[in-house]
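In: A structural model of the following input is requested.
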Amino acid sequence: MQSSKSALVQGYEVVIGFETHAQLTTQSKIFSRACTAFGAEPNTQACAVDLALPGTLPVMNIGAVERAIKFALAIGAQVSPRSIFARKNYFYPDLPKGYQISQFEIPVVQGGEVEFFLDDEKKSVRLVRAHLEEDAGKSLHEDFVGQSGIDLNRAGTPLLEIVTEPDMRSSLEAVAYAKELHKIVTWIGICDGNMQEGSFRCDANVSVRKPGAPLGTRREVKNLNSFKFMQQAIDYEVRWQIEQLEDGHTIRQATVLFDPVSGETRAMRSKEDAADYRYFPDPDLPPLVISDEWVERVRACMTELPRMMAQRFVADYGLPEYDATALTQSHAMATYFEAAAQACGQAKLVGNWLMGEVSRRLNAAEIDLAQAPVNAAQLALLITRIADGTVSNNAARQVLDALWSGESSDVDATIESKGLKQMNDSGALGKIVADVIAVNPKNVEQYKAGNAKALNALVGQIMKASQGKANPQQVGELLRSKLD
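Out: Residues are numbered from 1 along each chain as shown. Sure, this is the predicted structure:
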C-alpha cells in the first residue's frame, strides 16, 4: 500500500504514535513478592496484595526501578530524580482494586529517542516518557459457556509503558521502530520480548490528515502481538480512516482491536482521556527518589549498548554503518559476528555471510542464531577458505549446507570429501583456457572488437570445463593476459 520512501497515502499524511508495554524481567511483581513466571495454573500466583484484600499495602520492587533506569540510559533519556505513583481509576472485572497503580504527572523516565534504519535511511523517533505501572489480570472466555473466568496471575506484574511522539509516517516505519525498541529492551535484559506471552505489547495510535492540516483524530489499535499483524492492522486502519473521511464522515476517537483472520480492525470502546481516569497520587506509596549515585551504579553494570557496539564495528572492522547496525540487531548476532571476524580477520565477508546465507537459513528454519547448527568458529574457517582461494562462494554454500544439515562438522574434511577445492594450478588451468579459446573463435573475435560480454561467455565455458572448480578471478586474469 505504501513505500518506505513515501509519507502520503491517497493524498493523506499518516501519523502514528506508539504505546508499548514491556514486561520487566523481575522474578516477583512490582508491589508484592508473588511470582511472575508465565504459564502457571490460574490464580496460583496472586497473593493478598494482588487480590487487593483489606489491609494490604504495596511495596516497591527495587529491581523494577533499576530496569527503568537501564532503559533511560539506553535511549539517552532523563531519569527523574523524584517521580510519583498515581491511581488510575477504572472498573474492569480483572482489576481487583478498581484502580491501577501507574505514573501520570511525573514519570520515572522522560524524553529520549530510538534510532533505526528503514532500508538504508536513518530514522529517529522521539519518546515522550516511560513510566512504571502494574499489569491487570486476564479475563478468560474460551473455556466457559455463557460466562467468563478471571485469572489474576498477571495482576501486579511490573510493566514499563513506553510512549512516543507521533513521529512515524508509515506502517513500515512503525514496524521498524517497534523492532528496534524490542531489540533494545531485550539487549539490556529488562524484558524477554516474548510477544506471544504478552511480554511485549504494542498499541498504535493512528490518524490521517491532509498535509499541513492539524493532527487528525486518532484511533488506538490495541495489543498488537506480532510485527506482521502490526503492519496489517495499521494499513487497514489507515485505509478505513481515509475512506470514512472521503465519504464525508468524521473519525471518532476509539480503542479498536485487530482481527488477524479478517484482517480488519473493529471498535471496542470509545477512547478515554486522562480526565476520565481521575488520576490522583497513591497515598500508600511515597515518591520514588533516584539519586545520581544510583544511576551511576546502574550505568557501571550495563552491557555495551547496540548503537555503541555498531559504532565500534564501523571503527574497528571498517564495516559500513548499515552493516554494523544490521549485525547488532541482537546480542547473539553481534557476539557471533565478532567471534568469527576475530578468528578469520575477514570482517566484511563474515558480515555478508551472516546477513545473507546464514540469516536465510535461520529464517527458513524459523530459529534464532542461538539454535544455529553452525558455530562462529566453523563459519570463520569457511570464510578463511573463501579468502585464501581454497573454495569459491558457490562451493562454500555447499559446505555450509553440509554443516547445517549435520552431514558433517568439519569444514576442511567436507571440502575434500566433496571435491570442492578450486583449481589454482596455473598450468592445468592455462591448458583449459587455451582449449576454450581455440574452440570459441567467435567469442574471442567479439571480445577483441570491444564486446566485454564476450569475455563472460568464455569464463562460463572455462568454469564448465573445470566442473566449477576454477577460480573465476584467476580465469579472468588468464583470459585477459592471453587476449589483450
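In: Could you pull out the strands in the stretch 251-400 of the chain for me?
Out: 254-259, 264-270, 280-281, 288-289 (DSSP state E, counting those that start in this stretch).
In: Of those, which is nearest V399?
Out: Closest approach to V399 among the strands of the stretch 251-400 of the chain is made by strand 254-259 (44.0 Å; Cβ to Cβ). For the C-beta atoms, the positions are set from N, CA and C on the backbone; glycine is no exception.
In: quick revisit: so for R299, which of the strands of the stretch 251-400 of the chain sits nearest?
Out: Using Cβ to Cβ, the nearest of these to R299 is strand 288-289, at 17.7 Å.
In: Centre of the chain to the closest one, how far?
Out: Counting by Cα atoms, centre = their mean, to the nearest Å, strand 288-289 is centred 32 Å from the centre of its parent chain.
In: Check stretch 95-108 too.
Out: Using Cα atoms, centre = their mean, the offset of stretch 95-108 from its chain centre is 29 Å.
In: Looking only at it, what residues are buried by neighbour count?
Out: Across stretch 95-108, burial judged by 16 or more other Cβ atoms under 10 Å covers L95, P96, K97, Y99, Q100, I101, S102, Q103, F104, I106, P107, V108.
In: per-residue pLDDT, the second one?
Out: Pointing back at P96 there. Confidence at P96, expressed as pLDDT, is 91.
In: Please apply the same query to the last one.
Out: Each residue has a pLDDT score; the one for V108 is 98.
In: Show the contacting residues for the closest residue to L288 other than its chain neighbours.
Out: Computed as Cβ to Cβ, 6 or more residues apart in numbering, the closest residue to L288 that is not its neighbour in sequence is S83, at 4.7 Å. S83 makes contacts with Q103, I106, P107, V108, H131, P287, L288, I290, as judged by Cβ atoms under 8 Å, 6 or more residues apart in numbering.
In: Could you do E407 as well?
Out: D401, T414.
In: Could you check which helix or strand contains it?
Out: If you go by DSSP states H and E, E407 is not part of any helix or strand.
In: Ok, C191 next?
Out: Applying DSSP H and E, one finds C191 in no helix or strand.
In: Number of residues surrounding it?
Out: Neighbour count for C191, taken as other Cβ atoms under 10 Å: 24.
In: List the buried residues of the helix of greatest length in the chain.
Out: The single longest helix within the chain, with elements called by DSSP state H, is helix 227-246. Of the residues in helix 227-246, 227, 229-238, 240-242, 245 count as buried by neighbour count, 16+ other Cβ under 10 Å.
In: circling back: ranking the strands of the stretch 251-400 of the chain by burial, who's on top?
Out: Most buried of these by mean neighbour count (mean count of other Cβ atoms under 10 Å) is strand 254-259; its value is a mean of 18.
In: about what we covered before: comparing the strands of the stretch 251-400 of the chain by mean pLDDT, which bottoms out?
Out: Among those, strand 264-270 scores lowest, with a mean of 85.
In: Direction included, what does it pair against?
Out: strand 254-259 (antiparallel) (DSSP bridges).
In: Now L400: closest residue in space that isn't a chain neighbour?
Out: E357 (6.0 Å).
In: Tell me which residue lies nearest the centroid of the chain.
Out: K179 (3.1 Å; Cα atoms, centre = their mean).
In: Enumerate every residue touching that one.
Out: So K179 contacts F116, F227, Q329 (Cβ under 8 Å, 6+ apart).
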